[in-house]
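Chemist: Prediction below, plus the sequence it came from.
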Amino acid sequence: MLVFALRRLVQAVIVMLTVAFIAFMLFQYVGDPVTNILGQDATPEQRQQLRSDLGLDQPFPVQFVRFVGKALQGEFGLSLRQGRKVSSLIAERLPATLELSLTAAVIALVVGVPMGVYAALRRGSFLSQVMMTISLLGVSLPTFLIGILLILVFAVTLKWLPSFGRGEVTALGAWSTGLLTLDGWKHLILPSITLAVFQLTLIMRLVRSEMLEVLRTDYIRFARARGLPDRAVYFGHALKNTLVPVITITGLQLGSLIAFAIITETVFQWPGMGLLFIQAVTFADIPVMAAYLCLIALIFVVINLVVDLLYFVVDARLRVERTIAAH
Amino acid sequence: MTNKQTPLIAALVLACGLANAVTLRVANQGDVQSMDPHSLNESLQLGFDGSIYESLVGRGKDMSVVPLLATKWTQTSPTVWRFELRKGVKFHDGTPFSADDVVFSFKRAAADGSDMKGYTAPVKEVRKISELVVDIETVTPFPILPDTLTVFAIMSKQWCEDNKAQTPVDRRKGIENTASFKANGTGPFRLKERQPSIRTVLVRNFNYWDKVESNLDEVVFTPIGSDATRVAALLSGELDVMEPVPLQDIERIKGASSYTVLQGPELRTIFLGMDQKRDELLFSSVKGKNPFKDRKVRQAFYQAIDVETIKSRVMRGAATPTALMIGPGVNGFQADMNKRLPYDAEAAKKLLAEAGYPSGFEVTMNCPNDRYVNDAAICQAVAANLARIGVKINLQAETKNTYFPKILRRDTSFYLLGWTPSTTDAHDALYNLMATPTDKGQGQYNLGTYSNAKLDELTGKIQVETDKAKRAAMIREAFKIHQDDVGHIPLHQQALAWAYNKNVTLAQLPNNYMYFKWVTLKDQVRAGR
């Protein structure tokens, strides 16, 4: 177990370093923030001075090593656009993104699973046909379009829900939450639905096909033969066995929900990390971009690590093989 | 109402939680970067901070120079100006405004980390003469000092010292101080709440020294980056004013019964520049010589460009074609000289043939794609126009982050640029864009090195000439020279577009400042949320 975990950790570190390296390579092409910072009235000397103050005139390997050294201490430097510590900027934005992503994950599960079950059980019925069609739309429509459509319908036309921002937030220590006020919830509805749509349809389709698979297996037939009621067969046996892959996928998808919140956040002016990242890109704010990419990589790596370790705990076969190999 | 009662009423209004307060909800595509008025020389920030902080000299709705914290100014010698300060002005925290604050603010604006150094450079010293009189001495005679002063916010010496904010916020060193998120000015509005990138709230300063035409109690400013969302938020009634309006949405917003769009020419002029220095262009099919050195080629390019079609198609009407390198609203603008050479592809072809390029040539054009309104599309249109006279353009459109470093290294043969004279005076454009580059900063943005000794000489004289009539004549002469030389190809002034609810009245300045003291909001009928 320990060896397994250690090996995974080493791999994780390699992945992180690779991400940092690639991110840094890209930064060589995003351009020079100096003209953005100084504006048109600065002299060439001032520009050169700033460039060397920021270390931008150093060769690439030097910049990279310096970056990794600082990053190891959790220090990503200062945002070139806002002049504030990147770590505190991200810490400020993290709650908004996490609340949005988690709400979206909950919506995707709570709505997606029952829809999938229904579509499997009542295959061919009118309603499940409609669901399948909608899910196809959900998978194929780009997120920003869904967001804009929702804004058009619910904010502009019906005027039921707000179109941008996070609304009223309450500070709980360092964490700012929008979940304690009605206004905050109203602001959360459209963005979280937008973000959830893709995952929702994915889960629905996954549950449906898994369910269809499971319903064909022998133990379901035996359960029926024993005269168990439909409810017990469907929900007690079939669904339970369907959920194992669904939970794995959902876990892994949580990472992408956080990472791909960028688009939703941009459309709804949601003050999370994704919006911070986009603003950083347009300004060539390299420290913020680097920190964001590393953080997202870290989230993915951690989730994967946890899933791997869980497999190890859950799946006895992994352990058995290892014991045999050891002999 | 006596003066003593006003604070009481202000307190009452605040105590009621602004229940019936008149609130203006404003959105811009970006956020104000800092509350520190000396930390960034950018119009959004200066305009917004301009409702909180004031300068000695202000702008009227027509951009004219008007008294603000100074009531009167006279020149006592070619380099010394005497300013009499306004009596009875108080900062938001109650401390009275005096000459000490002026002296302090100039020092602060000239300190390390200040983004206002370009404006402080001509000032040698600010001297306190008495509590309410200061002398400002300039290094050389500097006729446009009052114009320059309009961007210098006066901060309270006492407050800055108490809050350890004596030096400006320096983004390089990450020096942040109280001034970046708190404010204490003399302006008609006070800062109430500041959440960077989320919302910033101003409330009315009821102790303001002047009558204000605005009826606003509160201003809520939100940055909304996505164009579509910004438009939607306005149309859904969540905003009262927003800018900029995406060009394709102008008609739609005008079509909605309760909204309107105000468009005016911005001070910024969009133009094309050509490398006229190198003996062989860096990026062209012509070898051994530089076609742009020939005035005929430059004129051929000029006349081949169909600026009216660019206006109507690319800019959807939101542009004012121009023949000058400065727009109306900039001091020195010559209305009678603002006539473009006619668009005439045949004449252009002929000129090109006379210059020795009957079948045209190939040249690379550099263009930003995220800096000015539809910048890349303008370049595409220009490329299509030039193709008609046989000139093949290799268009390189790229983000401003890579574009500016490149053209500032002068790695370009043909480029598009926009320029707003930050002093709103013609000298700024002459000095930065048209005069021959020197290592002292002159011609810094004259990226194609257009050079005319006579124009250089005039530029130097205009800088120090204090006689207004003489100065105006020289500006005129300089622009005439540049126009005759076809030193650059001016295209247009892009339009500012603000969209707002029809119950709002406001004033739009050509420098894109939105002063809330000129905004009023009639009977508030709001969607119930």
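Modeler: Yep, that arrived.
Chemist: In the chain, where is pLDDT below threshold?
Modeler: Defaulting to chain A. A:1, A:39, A:313-327 (pLDDT under 70).
Chemist: To clarify, I was referring to chain B.
Modeler: Along chain B, segments meeting pLDDT under 70 span B:1-20, B:170-176, B:523-529.
Chemist: Which single residue of it approaches chain A most closely?
Modeler: The minimum distance from chain B to chain A, using C-beta to the nearest C-beta, falls at B:N401 (2.7 Å). Just so you know, the C-beta spots here come from the backbone N, C-alpha and C atoms, and that holds for glycine as well.
Chemist: For B:R298, what are phi and psi?
Modeler: For B:R298, the backbone dihedrals (degrees, to the nearest 10) come out as phi -60, psi -40.
Chemist: And for the residue nearest to it when sequence neighbours are not counted, the neighbour number?
Modeler: Nearest residue to B:R298, sequence neighbours excluded (C-beta to C-beta, 6 or more residues apart in numbering or on different chains): B:V486, at 4.1 Å. When neighbours are defined as other C-beta atoms under 10 Å in any protein chain shown, B:V486 has 21 of them.
Chemist: Would you mind confirming that B:V486 is in contact with B:K296?
Modeler: No: the pair B:V486 / B:K296 is not scored as a contact, 9.1 Å apart, by C-beta atoms under 8 Å.
Chemist: what about the residue of chain B closest to chain A, how many residues close to it?
Modeler: 23.
Chemist: Provide the count of other residues in contact range of the nearest residue to it once chain neighbours are set aside.
Modeler: Leaving out its chain neighbours, the residue that sits closest to B:N401 by C-beta to C-beta, 6+ apart is A:G31, at 2.7 Å. A:G31 has 21 neighbouring residues, counting by other C-beta under 10 Å.
Chemist: contacting residues for the residue nearest to B:R298?
Modeler: Shown in contact with B:V486 (C-beta atoms under 8 Å, 6 or more residues apart in numbering or on different chains): B:295, B:298-299, B:302.
Chemist: And the buried ones among those, selectable in ChimeraX?
Modeler: Here is the ChimeraX command that picks out the buried ones among the contacts of B:V486, judged by 16 or more other C-beta atoms under 10 Å in any protein chain shown:
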select /B:298,299,302
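Chemist: quick one: which of the contacts of B:V486 is nearest A:Q269?
Modeler: B:Y302 (42.3 Å; C-beta to C-beta).
Chemist: hmm, who's touching whichever strand or helix holds that closest one?
Modeler: Per DSSP states H and E: B:Y302 is located in helix B:295-304. Helix B:295-304 is contacted from outside by B:272, B:274, B:276, B:291-292, B:340-345, B:347-349, B:351-352, B:354-355, B:357, B:385-386, B:388-389, B:391, B:485-487, B:489, using C-beta under 8 Å, 6+ apart.
Chemist: Quick one: name whatever helix or strand follows it.
Modeler: Assignment by DSSP H and E places the next element after helix B:295-304 at helix B:307-309.
Chemist: Neighbouring strands - and their directions - for whichever helix or strand comes after that following helix?
Modeler: Following helix B:307-309 in sequence order, the next helix or strand is strand B:319-321 (DSSP H and E). Using DSSP bridges, strand B:319-321 pairs in its sheet with strand B:489-501 (antiparallel).
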